[in-house]
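A.B. asks: What follows is a predicted protein model with its sequence.
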Amino acid sequence: MTLLNRRVVLAAALIGAMATMTLYETGEIDASAYRALRDGFKHGTPGYRIAIAQAMRSGEVSRWEYRHLLDQYRNENTRFSIKNDATNLREERLVLAAMTRQVKLR
């Protein structure tokens, strides 16, 4: 295998890995993550509530958005705990959507 062929194979593998990661990160979070956002919404700062409401504008939260929301919550609050008493994905999403509709977005 020539050096050029190796580089092409390596580039293709990297592009495939990046595409897979991108697809995974754009997927929706699970019910326990929605529950964590609900708890954070209750105890978070007004800015954090706005960030959650903005993430919920599409009707669901991606893993990428969730990761950023958790980072924001940790930076703004000293208290951080996640309760894992989520029921199901649809129910948790609907409850969080109802809570965030009350927030006025900038």
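C.D. replies: Nice, thanks for sending it over.
A.B. asks: mind listing what the residue nearest the centre of the chain touches?
C.D. replies: Nearest to the mean C-alpha position of the chain, counting by C-alpha atoms, centre = their mean, stands residue 66 at 1.9 Å. The neighbourhood of residue 66, defined by C-beta atoms under 8 Å, 6 or more residues apart in numbering, consists of 29, 33, 37, 55. For glycine as for every other residue, the C-beta is placed from the backbone atoms N, C-alpha and C.
A.B. asks: among the residues you listed, who's most crowded?
C.D. replies: Highest neighbour count within the contacts of residue 66, by other C-beta atoms under 10 Å: residue 37, with 30 neighbours.
A.B. asks: close enough to count as contact, that residue and residue 52?
C.D. replies: Yes - between residue 37 and residue 52 a contact is recorded at 5.7 Å, counting by C-beta atoms under 8 Å.
A.B. asks: so where is this protein shaky, pLDDT-wise?
C.D. replies: By pLDDT under 70, the weakly predicted segments of the chain are 1, 23-25, 78-86, 105-106.
A.B. asks: all strands for it, in order.
C.D. replies: Assigned by DSSP state E, the chain shows no strands.
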